[in-house]
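K.L.:
Here is a sequence with its predicted model. Questions after.
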Amino acid sequence: MKLKLKIWRQKNAKTKGSFVSYDLDNVSPDMSFLEMLDALNKRLVEAGKEPVAFDHDCREGICGSCGMFINGYPHGPVPGLTTCHLAMRYFNDGDSITIEPWRAKAFPVIKDLIVDRSAFDRIQVAGGFISVTAGAAAEANSVLVNKHQSDMAFDSAICIGCGACVAACKNASAMLFVSAKVSQYALLPQGRIEAKTRVRAMIAEMDRQGFGSCSNTGACEAQCPKQIKLTNIARLNREYYKAF
Amino acid sequence: MNKILFSAVSKKFVMALAGLFLLLFLPVHLGINLMLLKEDPEPFNNAAHFMATFPLVKVVEIVLMLAILVHVIYGITLQIINWLKRPVGYAVRNKSETSAFSRFMIWTGGAVLIFLIIHFFNFYFIKLGLVEGDPENFYSLAWQLFNIPGYVILYWICFALLGFHLFHALQSAFQTLGLNNDFWTPVIKGLSLIYAIVVPIGFAVIPLVIWLFK
Amino acid sequence: MITLNAKIPEGPLEEKWTKYKSTTKLVNPANKKKLDIIIIGTGLSGAGSAAALGELGYNVKVFCYQDSPRRAHSVAAQGGINAAKNYKHDGDSVYRLFYDMIKGGDFRAREANVYRIAEVSNQVIDHYSALGVPFAREYGGTLDTRSFGGVQVSRTFYAKGQTGQQCLLGAYSSLNRQIKAGTVTMYPRRDMLDIVVIDGRARGIIVRNLLTGEIERHSAHAVVLASGGYGTIYYLSTLAVNSNASAAWKAFKKGAAFANPSFVQIHPTSIPQLNEFQSKLTLMSESLRNDGRIWVPKNKGDKRPANDIPEEERDYYLERRYPTFGNLVPRDVASRAAKERCDAGYGVGDTGLAVNLDFRDAIKKQGKKAIENKYGNLFEMYQHITGLDPYEEPMRIYPAGHYTMGGLWVDYELMTTLPGLFSIGESNFSDHGANRLGASSLMQAAGDGYFILPNTISNYLSGEIRTPKVPTTGAEFDEAEKKAKERIEKLLSIRGKNTSTTFHRRLGKIMWDYCGMTRNEEGLKKALKLVDELKKEFWSDLMVPGEGADLNQELEKAGRVADFMELAKLMITDALNRKESCGAHFREEYQTPDGEAMRNDSEYSYVAAWEYNGDDEPILNKEPLKFEFVELKERSYK
Ligand SMILES: Cc1cc2nc3c(=O)[nH]c(=O)nc-3n(C[C@H](O)[C@H](O)[C@H](O)COP(=O)(O)OP(=O)(O)OC[C@H]3O[C@@H](n4cnc5c(N)ncnc54)[C@H](O)[C@@H]3O)c2cc1C
Ligand code: SF4
Ligand code: FES
């Protein structure tokens, strides 16, 4: 396949960026989106030019490193896939593809398509944990957990922290991300003990980090590669009101 | 404490409560308006009179005005803050799947607000004595207005937009209040849709009926 | 020459660890605050140890190359984590887990260490469960387990196909708690470039800030490597693409012995290579072998679509060769058998480098729904990647580099031969011998981090309480920083024509062909030459654009590939030295007439711990393996 790429290039946080166009031939439909960029980068590097910088690691949809805004969609047009899992099969010969970094005040651009998502870490540091010290835990089966609840907790816990929800949201809100974590713990008896302090701390930190507020548009749910549900946000709200 | 009252979630909570209260009021208003369709101006004028004088309604009225104020102020400030959360926008339009209703709340809300202001000048401020007019005969006032084609078209547009606003509003309020689950949410969405269609259409048919049959 | 002292405590196997813990030297709480510990890595081992050491009151600094500790490679583990809980009442015990690991590792691991990890496995599950890791549960609310990797008991705890992610997020949460408490400082986006040794002890590290390119110095009383495995040396592997050997390799060059570098596990079921730009091989969980049947056509070069090949013309070679275990033979056996068929010309797909994993019979028997319930996610992932529907036609799979049993040599205390430098998790060699059993490496990484290192490191640190804060201004730091900068300059100044990825791909191919699933002397010797040539070419024809003082991903990659070039030689040397077949190390010269591995216990029952020797050949140190508690047996899966 032949593609016309338009990619956001920005040297660093301080300089202004702009779009640069590239033509790329010989793209195989079996390539992943990142492998397609690898092919472009190979060409650039061999010509002594700086390659397009982007975050990536596992390349199998689980680490949450990758993420770019592709033709108007975070992680591209196929639901349920991360950028690294997006096969070029989903594009057509001759397509034009515009690639932008996540855009949000809380995710400043570092270089090209790399953004700083450490705000997510800070929210987790604020309260995304259960306070148990190594060695202090009781025998695992001494705490029984309803299977249904536990499965629901799992469904919330699979968030990979990629930030697509923030990128998709017109308000750059992080509610889906925060709600997934809060829900995981809220649904488990182990997590109930600190439920109130946790949700208050995490929401306060979320606001401090500069994310917008939720207006229930559902863009996050639609774009989340792990299909984290909007019901988590309702649960987060509930947990928050209960915390006073 | 400050953080709690003014956290993003709390602000939305307040907005949702205020909005829901407004939602309760609309059908009441509609009920009264439907009396415009009677040949006899008495029932309508009586109802208007009752609304203007009954003490308990007075209290509710204050709450209502507060609700409008809070809903509008919070809505606008939250929107402005949210806009600031993405200082650099996307070059390609964000195609993330959402309903258009939810994306344009500030605009549909704004249109409704403008209508509301006009409406206040036409009726409510007369009642309060701020604007000249006969507070005892809103019936003929309404009839007069409905005979101005430009007004009716504006009226219809605003109610269409109100419908869009309401469709998202109801389900969104429930979500914000933390009420969302696999069973009830589809039901709530269905009810939102019915409400968002029936109430604005109820308002909108009044001038139509007046035009066609009266 | 170094001396290898494994420091195994005296006494019966079951009492060693308890006795060690109750007699080891401790550091009092007031002193802990004054002791700094550096940890490289935030996987299950690194994040776990950081949290545990922070909880104890040490002053901990943690480093990782990703933008967040939550992305460490442990996140990708799918299948599960073992523990000897015996919840299924099927006869499991600490001893049985220990024995399975020793046997699975083909008797090339140290008894005392393996027993200890089996012992702490139960604590790991208790701890993760308390941390809110949503493991699968039974309807009654207790934890569920499944059987994994061909063992006879059901001891694997799991969270669907995302056990590693869930365990890592648990570890990450406990790390976060300590960051909040102020005992741990997190340094993400840092690449470790060197270890600083002062007076024979590890005292600090040099890192490159990947955002700014700045070279930073960090000092401590002890350094812990939790930097994971080096399976990416094959370029195409199931590991995260940025996984690397650099941290461990730098430790090696500073005096830590590297043990059994050639012991690499090749996983039998990954999605085969589809295009020339492919950057990684995606693992398809081993659990698929519970229901899928592996076959190739009986006729060479049969290119008909799989579904058109009649039953009589299919060769279910695992069932044929291993009637007892069938499709569930251990990973190394399954991998080699696949390679053997493909090399003989029976492989399927365009490249002929794939075999069929067929669910037709399982779907017929159990129904599509049942299969979908078990493997739905995996099938979907397969379809997204390959565009083929595994419900309709067999999956194509091929082996891929997966896990490195080899790693830094450590004693019972998990300390390397460089005093003050510890190594935990996949970066050490300790518990899996010549082959790792499924679901036991998450267990080892977590056990090392949470429950073993915090106990053993105090024995070393108790001797350090009089050492004041280590300054980062000494000559050793200057020297290490200078060397690191020089190397960056060198990489940047070659300005040749090829990318580091190109070199990496070529190196990977050499290693895969000659030092992969099977090895022979001729091939290995050839590989030594090829790697030497490639290395020369690398240093004269590499292209790294951009500058050092900036975010420069090509520079990061180049540094890693440069280290892989050196490690490759050590792996080959080790493979050449070990003239036997054991576990994942299969020397073609040493096999039985029907193609099974032939171990040589009288000559090779030792750990090969290689010592860096400048530009000269590395020195081989042997740690003899004594089996006091188990009887050496031939591994048979027939
Ligand atoms: C696809 C796959 C599936 C697996 N499934 C299972 C399974 O089901 N069960 C099981 O038990 N095991 C499984 N394993 C193996 C297991 O995941 C790993 O062995 C284990 O997670 C290793 O953990 P670790 O803590 O040692 O290191 P890792 O999790 O690999 O972490 C390494 C850390 O070191 C850091 N690091 C590395 N180099 C540097 C450097 N130079 N500078 C700074 N930081 C550095 C990284 O940033 C990272 O934080 C699987 C492995 C793979 C590849
Ligand atoms: S909620 Fe979904 S989109 Fe948001 S960070 Fe988690 S996985 Fe990514
Ligand atoms: S690279 Fe890990 S999720 Fe895409």
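P.N.:
Received it, and whenever you're ready, just let me know what you need. Ligands and ions are numbered 1, 2, ... in the order given.

K.L.:
Cross-check the contact I'm expecting between C:Ile215 and C:Ala484.
P.N.:
Yes: assessed by CB atoms under 8 Å, C:Ile215 is found in contact with C:Ala484 at 6.0 Å. C-beta: built from backbone N, CA, C; applies to glycine.

K.L.:
Report the distance from stretch C:234-248 to the chain centre.
P.N.:
10 Å (CA atoms, centre = their mean, to the nearest Å).

K.L.:
Might you enumerate the residues of chain B proximal to ligand 1?
P.N.:
Counting by CB under 6 Å from any ligand atom, chain B comes close to ligand 1 at no residue.

K.L.:
Low-confidence regions, chain A specifically.
P.N.:
For chain A, no stretch has pLDDT under 70.

K.L.:
at 90 instead, please
P.N.:
For chain A, the stretches with pLDDT under 90 are A:244.

K.L.:
try the stretch 151-300 of chain C
P.N.:
C:151-152, C:160-161, C:274-277, C:279, C:285-287, C:290.

K.L.:
What parts of it come near ligand 1?
P.N.:
C:163-164, C:190-192, C:226-229, C:238-239, C:244, C:246-247, C:283.

K.L.:
So which of the residues you listed wins on neighbours?
P.N.:
Neighbour tally across those (other CB atoms under 10 Å in any protein chain shown): the maximum, 35 neighbours, falls on C:Ser227.

K.L.:
Would you confirm that that residue contacts C:Gly41?
P.N.:
Yes: between C:Ser227 and C:Gly41 a contact is recorded at 4.6 Å, counting by CB under 8 Å.

K.L.:
Any idea how many residues pack against residue 204?
P.N.:
I'll assume chain A. 18.

K.L.:
if you could check chain C rather than the one you did, that'd help
P.N.:
The burial count for C:Gly204: 26, using other CB under 10 Å.

K.L.:
helices or strands up against the helix or strand harbouring it?
P.N.:
Assigned by DSSP states H and E, C:Gly204 belongs to strand C:201-209. If you count contacts as 3 or more CB pairs under 8 Å, 6 or more residues apart in numbering or on different chains; DSSP states H and E, strand C:201-209 packs onto strand C:36-40, strand C:190-198, strand C:215-219, strand C:222-225, helix C:475-493.

K.L.:
Spell out which residues of the stretch 251-400 of chain C are next to chain A.
P.N.:
The stretch 251-400 of chain C comes close to chain A at residues C:274-280, C:282-283, C:381, C:384-387, as judged by CB under 8 Å from any CB of the partner chain.

K.L.:
run the last query once more with 6 Å
P.N.:
Contacts of the stretch 251-400 of chain C with chain A, taken as CB under 6 Å from any CB of the partner chain, map to C:Leu274, C:Asn275, C:Phe277, C:Ser279, C:Lys280, C:Thr282, C:His384, C:Gly387.

K.L.:
just chain B next, same as before
P.N.:
B:3, B:7-9, B:12, B:78, B:82, B:85-88, B:90, B:92-98, B:102-103, B:172, B:175-176, B:178, B:180.

K.L.:
one step back: filter the residues of the stretch 251-400 of chain C next to chain A down to just the ones in helices.
P.N.:
C:His384 (DSSP state H).

K.L.:
Who wins on neighbours among the residues of the stretch 251-400 of chain C next to chain A?
P.N.:
Going by other CB under 10 Å, C:Lys280 tops these with 27 neighbours.

K.L.:
For it, list the residues it contacts.
P.N.:
A:Arg59, C:Val241 (CB atoms under 6 Å, 6 or more residues apart in numbering or on different chains).

K.L.:
mind checking how far it is from C:Val241?
P.N.:
For C:Lys280, the distance to C:Val241 equals 5 Å [CB to CB, to the nearest Å].

K.L.:
joint contacts of the two?
P.N.:
A:Arg59.

K.L.:
Would you point out the helix or strand in chain B whose mean pLDDT is lowest?
P.N.:
helix B:2-5 (a mean of 66; mean pLDDT, DSSP states H and E).

K.L.:
And the next helix or strand past that helix?
P.N.:
helix B:8-34.

K.L.:
Beyond that next one, next helix or strand please.
P.N.:
Next in line after helix B:8-34, if elements are assigned by DSSP H and E, sits helix B:42-53.
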